[in-house]
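Trainee: just need the structure, nothing else, for what follows:
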Amino acid sequence: MAIVKPFRALRPLPEQAAAVASVPYDVVTTKEAAVLAGDNPLSFLRVSRSEIEMPTGTDIYSDEVYGRAASNFDRLISSAPLIIEDEPSFYLYRLRMGAREQTGLVACCSIDEYDNDIIRKHERTRRDKEDDRTRHMLALRAQTGPILLTYRPSPTVVDDTQSYIDAMVEAANGRAIPERKPEFNELMRTITPAPPLFDFIAADDITHTIWRVPAQMNEALIEAFNQVPSFYIADGHHRAKSASRARASLRATNQQHNGDEEYNFFQCVLFPADQLQILPYNRAVKDLNLNTAKEFLSEVGREFEISEHDDPRPKKRGDISMYLDGRWYGLEVKSDVTRRLRIIERLDVSVLQDLLLTPILGIQDPRTDKRIDFIGGIRGTRELEMLVDEGKAAVAFSLHPVTVDELMAISDAGEIMPPKSTWFEPKLRDGLLSHLI
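Mentor: Next up is the predicted model:
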């Protein structure tokens, strides 16, 4: 059983939502954040990346940066303004990118369940990044960006779905709730016909729509998720770990701690697994580890069948595309990696790491090696070509994306994916619904 809990969100007024909302803090550099914030005084990047207002060269982990974040947060609360809901609520958050649409539940989840692996992970976190967001949460006493969670949706168990939905509409109007426990998608369809709280198109053409769920439906949503055995972190491992560390810090100073305090929960958006889309997380390496291009290709040919003039985007799992000296190559591993017993070893990101990046290019730890860069699939393969053509990288690799089923299977097995294995798109926005702790 997994717990979901409504919360009193701190949020902008509907007419200010588009101006306040910002991309997640960790998908942009300081320079990119400054450009996106521009001259918009309400941009939440002034809170999540407050170093953009500091002198060039400021240590982004300095006390002054966290102090500026807190003061900017206070100023935004008064000037936007941001208001706090009068009672705990759930929300629905719909993202639309082109023809693709996904709708999830905004809620708070239990940090105890995170610590006890009922909320499952697939990625290791870095201490410096944990430190950063922990200090940020403690400075603001708020979680300002949601963690993206997923779960296996329950199969539909009745044929009279429409009559059940009609009954749920009756329930929303204060009448008796049907005896059968609803599934989230059924509940969602009773809420989304109503006018939304927020509805805007961001600069990247992603449509963000948020509904506040009527209070009389809270218990039905809690019951629906009580049927879910586990949640899975899709994106936001550092936010989750930082929330756990912030909770430990606040609990240690609270002699009246009872487990119900808001700091015992973190904000998340829960999407059914069948709605999520994972894009590839590609790689670029700055040099060939003292090899010439000819020597490098020879070394690669020991483990891979190499084809020239191949497609920049691998068409299937097991294929890797490589850009070198202005040309795309296709790589297909010679050894039968599908016979490996551990699912983690069969991932294309693992094959690339184990058979090429480590033994040939000398990338021992991709989390810390400065010679490797990671490029989210939303930027396209043209970005890889530019890096190599402009001399910023010597070689680049385009990968087939990991599936959500693979992510959940790896999490269930207690395995850890190689770093930067998944890129979820579209991205949720920071600043729309903050959770005060």
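Trainee: all strands for the stretch 201-350 of the chain, in order.
Mentor: Taking DSSP state E, counting those that start in this stretch to define them, one finds strands in the stretch 201-350 of the chain at 207-212, 231-235, 265-272, 278-279, 281-285, 304-308, 319-324, 327-333.
Trainee: and of those, who's closest to residue 296?
Mentor: Proximity to residue 296 (CB to CB) singles out strand 319-324 among the strands of the stretch 201-350 of the chain, at 7.4 Å. Every C-beta, even on glycine, is put in place using the N, C-alpha and C of the backbone.
Trainee: returning to what we had before: which of the strands of the stretch 201-350 of the chain sits closest to residue 115?
Mentor: Short answer: strand 265-272, nearest of the strands of the stretch 201-350 of the chain by CB to CB, at 11.2 Å.
Trainee: residues in contact with the closest one: which ones?
Mentor: 4-5, 7, 93, 102-111, 114, 143, 145-153, 184-185, 225, 231, 234, 236, 239-240, 243, 428, 433-435 (CB atoms under 8 Å, 6 or more residues apart in numbering).
Trainee: what subset of these is buried?
Mentor: Buried members of the contacts of strand 265-272, scored by 16 or more other CB atoms under 10 Å, are 4-5, 7, 93, 102-111, 114, 143, 145-152, 184-185, 225, 231, 234, 236, 239-240, 243, 428, 433-435.
Trainee: among these, which lie within strands?
Mentor: Secondary structure defined by DSSP state E assigns 93, 102-110, 143, 147-151, 231, 234, 434-435 of these to strands.
Trainee: where does the prediction get shaky in the stretch 301-437 of the chain?
Mentor: 336-341 (pLDDT under 70).
Trainee: just the stretch 101-250 of the chain next, same as before
Mentor: Residues of the stretch 101-250 of the chain that meet the criterion pLDDT under 70 lie in 155-182.
Trainee: where along it do the helices fall?
Mentor: Along the stretch 101-250 of the chain, the segments classed as helices by DSSP state H, counting those that start in this stretch run 111-115, 127-140, 161-172, 184-191, 218-226, 237-252.
Trainee: from the chain's centre, how far out does the longest one sit?
Mentor: If you compare the mean C-alpha spot of helix 237-252 with that of the full chain, they lie 18 Å apart, counting by CA atoms, centre = their mean, to the nearest Å.
Trainee: tilt between it and strand 231-235?
Mentor: Counting by axes from the mean of the first three to the mean of the last three CA atoms, to 10 degrees, helix 237-252 lies at 120 degrees to strand 231-235.
Trainee: contacts for helix 237-252 next, please.
Mentor: Residues contacting helix 237-252 (CB under 8 Å, 6+ apart): 26, 111, 114-115, 119, 121, 123-126, 129-130, 132-134, 136-138, 143, 145, 147, 233, 257, 261, 263-264, 266, 437.
Trainee: now do the buried residues in it.
Mentor: 237, 238, 239, 240, 241, 242, 243, 244, 245, 246, 247, 250.
Trainee: by how many degrees do that helix and helix 127-140 diverge?
Mentor: Going by the same axes, to 10 degrees, helix 237-252 makes 50 degrees with helix 127-140.
Trainee: picking up where we left off before, of all the buried residues of helix 237-252, which comes closest to residue 277?
Mentor: Closest approach to residue 277 among the buried residues of helix 237-252 (CB to CB): residue 237, at 18.7 Å.
Trainee: wait, residue 264 touches residue 114, no?
Mentor: No. Counting by CB atoms under 8 Å, residue 264 stays clear of residue 114, with 10.4 Å between them.
Trainee: all helices of the stretch 251-400 of the chain, in order?
Mentor: All helices of the stretch 251-400 of the chain, identified by DSSP H, counting those that start in this stretch, fall at 293-303, 343-346, 348-352, 381-389.
Trainee: returning to what we had before: format the strands of the stretch 201-350 of the chain as a markdown table; extra columns: distance to residue 421.
Mentor: Formatted as a markdown table, those follow (distance: least, CB to CB, whole Å):
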| stretch | distance to residue 421 |
| --- | --- |
| strand 207-212 | 26 |
| strand 231-235 | 11 |
| strand 265-272 | 18 |
| strand 278-279 | 9 |
| strand 281-285 | 6 |
| strand 304-308 | 20 |
| strand 319-324 | 14 |
| strand 327-333 | 17 |
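Trainee: among these, which comes closest to residue 370?
Mentor: Closest to residue 370 of these is strand 281-285 (CB to CB; 10.7 Å).
Trainee: which elements pack onto that closest one?
Mentor: Judged by 3 or more CB pairs under 8 Å, 6 or more residues apart in numbering; DSSP states H and E, the packing partners of strand 281-285 are strand 372-376, helix 381-389, strand 395-399.
Trainee: what lines up beside it in the sheet?
Mentor: Sheet pairing of strand 281-285 (DSSP bridges) gives strand 372-376 (antiparallel), strand 395-399 (antiparallel).
Trainee: now, of the ones you listed, which is deepest in the fold?
Mentor: Highest mean neighbour count of these: strand 395-399, a mean of 25 (counted as mean count of other CB atoms under 10 Å).
Trainee: is residue 334 in contact with residue 300, as I believe?
Mentor: No. With contact defined as CB under 8 Å, residue 334 does not reach residue 300; the gap is 10.8 Å.
Trainee: between the two, which one's more packed in?
Mentor: Comparing residue 334 with residue 300 by other CB atoms under 10 Å, the one with more neighbours is residue 300, at 21 against 12.
Trainee: who are the contact partners of the more buried one?
Mentor: By CB under 8 Å, 6+ apart, the residues touching residue 300 are 306, 322, 331, 356, 360.
Trainee: and what of residue 73?
Mentor: Counting by CB under 8 Å, 6+ apart, residue 73 touches 47, 140, 142, 144.
Trainee: what helix or strand is it on?
Mentor: Assigned by DSSP states H and E, residue 73 belongs to helix 63-79.
Trainee: what's the next secondary structure element after that helix?
Mentor: Note on helix 63-79: by DSSP H and E, the next helix or strand toward the C-terminus is strand 82-84.
Trainee: parallel or antiparallel, list what pairs with that following strand.
Mentor: strand 9-12 (antiparallel).
Trainee: what's in contact with the partner strand?
Mentor: 17, 19-20, 42, 77, 80-85, 89, 91, 106, 142, 197, 431-436.
Trainee: what would the buried residues of helix 237-252 look like in JSON lines with distance to residue 315?
Mentor: Listed next are the buried residues of helix 237-252 as JSON lines, based on distance: CB to CB, whole Å:
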{"residue": "237", "distance to residue 315": "30"}
{"residue": "238", "distance to residue 315": "33"}
{"residue": "239", "distance to residue 315": "34"}
{"residue": "240", "distance to residue 315": "34"}
{"residue": "241", "distance to residue 315": "36"}
{"residue": "242", "distance to residue 315": "38"}
{"residue": "243", "distance to residue 315": "39"}
{"residue": "244", "distance to residue 315": "40"}
{"residue": "245", "distance to residue 315": "42"}
{"residue": "246", "distance to residue 315": "44"}
{"residue": "247", "distance to residue 315": "45"}
{"residue": "250", "distance to residue 315": "50"}
